[in-house]
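Q: Quick one, fold the following:
(4 chains)
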Amino acid sequence: MTDIKLVYFAWVRERVGVAEEIIDVPENILTVAALAAWLSQRDEGYASAFENPKLVRAAIDRVHAKPQDVIAGAREIAFFPPMTGG
Amino acid sequence: MTDIKLVYFAWVRERVGVAEEIIDVPENILTVAALAAWLSQRDEGYASAFENPKLVRAAIDRVHAKPQDVIAGAREIAFFPPMTGG
Amino acid sequence: MTTRITICIQAEVFDAGKETEALTSPREDVGAVATFIGYCRSEGGRLKALELEHYPGMAEDEIKRVVDEACTRWPLSSVSVIHRYGVMKPGDGIVFVGTASTHRAQAFAACEFLMDYLKTRAPFWKKEYRADGTVGDWVEAKADDDAAAARWALKS
Amino acid sequence: MTTRITICIQAEVFDAGKETEALTSPREDVGAVATFIGYCRSEGGRLKALELEHYPGMAEDEIKRVVDEACTRWPLSSVSVIHRYGVMKPGDGIVFVGTASTHRAQAFAACEFLMDYLKTRAPFWKKEYRADGTVGDWVEAKADDDAAAARWALKS
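A: Below is the predicted model:
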């Protein structure tokens, strides 16, 4: 198990119910997509947040990441909807 | 003969030697190009101003005009170099 | 070319006029400044406010990355990006982007590039508060914005 | 859409910040403002000043014609064009163009269109005064500017 800080924004944050948390992620969770799938099984809130994986974006250590990106070594992983700034 | 006000700008004005003048233009001068050619025969200053007709632009009554445009009815005709504003 | 870069992620209101002046002063080699300001709209009276949430730290980093990209593409003497977070009312400025260069085509292109990027990659999210007092939805990302960013062939 | 149009041909200095603010105030339906400011450059210290000559009357008319053309192409809530004449020193603003619209693509396109037009069709001419005290040449028109204007397929 590895401690990773997870942070959530916008409606992903609202559905998960927390803005950030430290979670022990099993060693067999290798990618961003696998992490999202694993999180969605935690409870209804997570399930709702990740129900449509295409609508959830991620960043590893504050850099945009793709679903297939490997999370090994990450200290902070963020999940959020497509951005609407500017 | 028809009285037309002629106005000049930038180096066309400097070469002609006046900023504006009223000139009797012969009835057989029909177009902007013909007017420029006729003017260039008046003296050395005009000849110098119009020596390269491609570098001289014109406006009839404050609207951009082409060499072949007819000058009949014009009250004010302007000659000037390509514009360099902005 | 050394580019003077200003990036601010702030809650405070910005003064577009001062930011525009700061782009040139005291340089005498700047021929062209292009600026863009994005405002909170009432959407025909439907909205009372927008709340902008952001990802602190990543917002600065990501904007810095695209400003650096802009600097490799165009010769810019100055670039300023200001992006606000928090609650905005209709008419309030949300984002300011300004670019200074010798010639206008570069200033325009860099300014539009930066805005297209900010829309699709800067970690900000807008939530609507309706004029009738209810909390609205999170604003959805637009396919238009992805298309605009794709014009520049951004590596994603 | 009714567009608020401001066109000024003036010798006086303009305040880009105030002009930018005037584009939106007091409207709440403006989402995007794009501005451009063209400055007098020293050209690496070579120039002391530029003198801008213009064709009074035609300058206003011609700028009005292209602003009207911009208004038929894009939905603009406000357009401001300020063009100065007379003597300018390096760092002085020569031209200000500002456009306000609901969305940014329209504001950017209209602003760039207006500048490309002004460069090739507005009756202004620049004369150089050199740092060494001598009178320089009239600035020559650039093929680049004609090409930029041609992108918009302007009727000539």
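
Q: Could you find the closest non-adjacent residue to residue 8?
A: No chain in the question, so chain A it is. A:V16 (4.9 Å; C-beta to C-beta, 6 or more residues apart in numbering or on different chains). Bear in mind the C-beta positions are built from the backbone N, C-alpha and C, glycine included.

Q: Sorry, I should have been clearer: chain C.
A: Nearest residue to C:C8 in three dimensions, chain neighbours excluded: C:I82, at 4.6 Å (C-beta to C-beta, 6+ apart).

Q: what's around residue 46, how many residues?
A: If you meant another chain, say so; for now it's chain A. Applying other C-beta atoms under 10 Å in any protein chain shown, we find 20 residues neighbouring A:Y46.

Q: wrong chain, I was asking about chain C
A: C:R46, neighbours per other C-beta under 10 Å, totals 13.

Q: mind listing what the residue lying closest to it once chain neighbours are set aside touches?
A: Spatial nearest neighbour of C:R46, excluding adjacent residues (C-beta to C-beta, 6+ apart): C:A131 at 6.0 Å. Neighbouring residues of C:A131 by C-beta atoms under 8 Å, 6 or more residues apart in numbering or on different chains: C:42, C:45-48.

Q: where does the one residue in chain A that gets nearest to chain B land in three-state SS?
A: Nearest residue of chain A to chain B (C-beta to the nearest C-beta) works out as A:G86 at 28.0 Å. Secondary structure, DSSP: H, G, I helix; E, B strand; the rest coil: A:G86 is coil.

Q: Spit out the contact partners of it.
A: Here A:G86 is in contact with C:38, C:83, C:94-95, C:115, C:118-119, C:122, C:124, D:104 (criterion: C-beta under 8 Å, 6+ apart).

Q: how long is stretch C:42-55 from one end to the other?
A: End-to-end distance for stretch C:42-55, by C-alpha to C-alpha, to the nearest Å: 25 Å.

Q: C:Y129 bridge partners, please.
A: Beta-bridge partners recorded for C:Y129 (DSSP bridges): C:A49, C:V135.

Q: distance of it from C:I94?
A: For C:Y129, the distance to C:I94 (C-beta to C-beta, to the nearest Å) stands at 14 Å.

Q: Among the two, which residue is more densely surrounded?
A: C:I94 (22 against 17).

Q: you'd agree the more buried one is up against C:C40?
A: Yes - counting by C-beta atoms under 8 Å, C:I94 does reach C:C40; the two are 5.8 Å apart.

Q: Quickly list what's touching both of the two.
A: Residues touching both C:I94 and C:C40 by C-beta under 8 Å, 6+ apart: C:50, C:88.

Q: Around chain D, pick out the residues from chain C.
A: C:15-18, C:20-21, C:24-39, C:41-42, C:44, C:90-91, C:102, C:104-105, C:107-108, C:111-112, C:115, C:144, C:148 (C-beta under 8 Å from any C-beta of the partner chain).

Q: Which other helices and strands does the longest helix belonging to chain C contact?
A: Longest helix in chain C by number of residues (criterion: DSSP state H): helix C:104-121. Here helix C:104-121 touches strand C:32-39, helix C:58-73, strand C:76-84, strand C:93-101, helix C:143-150, strand D:32-39, helix D:104-121, going by 3 or more C-beta pairs under 8 Å, 6 or more residues apart in numbering or on different chains; DSSP states H and E.

Q: at 10 Å what do you get?
A: Under the contact criterion of 3 or more C-beta pairs under 10 Å, 6 or more residues apart in numbering or on different chains; DSSP states H and E, helix C:104-121 touches strand C:32-39, helix C:58-73, strand C:76-84, strand C:93-101, helix C:143-150, strand D:32-39, helix D:104-121, helix D:143-150.

Q: okay if I get the ones you listed as a markdown table plus distance to A:A72 and mean pLDDT?
A: Shown next, in a markdown table, are the helices and strands packed on helix C:104-121 (distance: least, C-beta to C-beta, whole Å; pLDDT from 0 to 100):
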| stretch | distance to A:A72 | mean pLDDT |
| --- | --- | --- |
| strand C:32-39 | 38 | 97 |
| helix C:58-73 | 20 | 97 |
| strand C:76-84 | 32 | 97 |
| strand C:93-101 | 36 | 97 |
| helix C:143-150 | 29 | 88 |
| strand D:32-39 | 43 | 97 |
| helix D:104-121 | 40 | 96 |
| helix D:143-150 | 50 | 88 |
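
Q: so who does the closest residue in space to A:P67 that isn't next to it in sequence touch?
A: Spatial nearest neighbour of A:P67, excluding adjacent residues (C-beta to C-beta, 6+ apart): A:A33 at 3.7 Å. The contact partners of A:A33, by C-beta atoms under 10 Å, 6 or more residues apart in numbering or on different chains, come to A:50, A:53, A:56, A:58, A:66-69, A:71.

Q: so how far is D:T24 from A:A58?
A: Taking C-beta to C-beta, one finds A:A58 at 36 Å from D:T24.

Q: just C:F14 next, same as before
A: According to C-beta to C-beta, C:F14 stands 14 Å off from D:T24.

Q: so A:P81 touches C:W125, yeah?
A: Yes - assessed by C-beta atoms under 10 Å, A:P81 is found in contact with C:W125 at 6.3 Å.

Q: what number of residues lie near the one residue in chain A that gets nearest to chain C?
A: Proximity of chain A to chain C (C-beta to the nearest C-beta) peaks at A:G85, 2.7 Å away. As a burial measure, A:G85 scores 26 neighbours (other C-beta under 10 Å).

Q: what's the answer for A:P82, then?
A: 18.

Q: Up against chain C, what does chain A have?
A: A:7-14, A:19, A:55, A:57, A:59, A:61-64, A:66, A:76, A:78, A:80-86 (C-beta under 10 Å from any C-beta of the partner chain).

Q: What's the ChimeraX line that selects buried ones from these?
A: Under the burial definition 16 or more other C-beta atoms under 10 Å in any protein chain shown, those of these that qualify are selected in ChimeraX by:
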select /A:7,8,9,10,11,12,13,57,59,61,62,64,76,78,80,81,82,83,84,85,86
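
Q: Strands - which of the residues of chain A next to chain C land there?
A: Mapping those onto strands (DSSP state E) picks out A:7-8, A:57, A:59, A:63-64, A:76, A:78, A:80.

Q: Which pair of these spans the longest distance?
A: Comparing every pair within those by C-beta to C-beta identifies A:Y8 and A:V63 as the most remote, at 17.0 Å.

Q: Straight-line length of stretch A:39-51, end to end?
A: 11 Å.

Q: closest point of chain C to chain D, which residue?
A: Minimum separation of chain C from chain D (C-beta to the nearest C-beta) falls at C:G17, amounting to 1.3 Å.

Q: what about the host helix or strand of that residue and chain A, touching?
A: Per DSSP states H and E: C:G17 is located in helix C:16-24. No - remark: helix C:16-24 sits outside contact range of chain A, by C-beta under 10 Å from any C-beta, the gap being at least 15.2 Å.

Q: what's the neighbour count on C:I9?
A: 19.

Q: With C:E128 as the reference, measure out to the nearest residue to it once chain neighbours are set aside.
A: Excluding its sequence neighbours, the residue lying closest to C:I9 (C-beta to C-beta, 6+ apart) is C:A59, at 4.9 Å. Applying C-beta to C-beta, the value for C:A59 to C:E128 is 20 Å.
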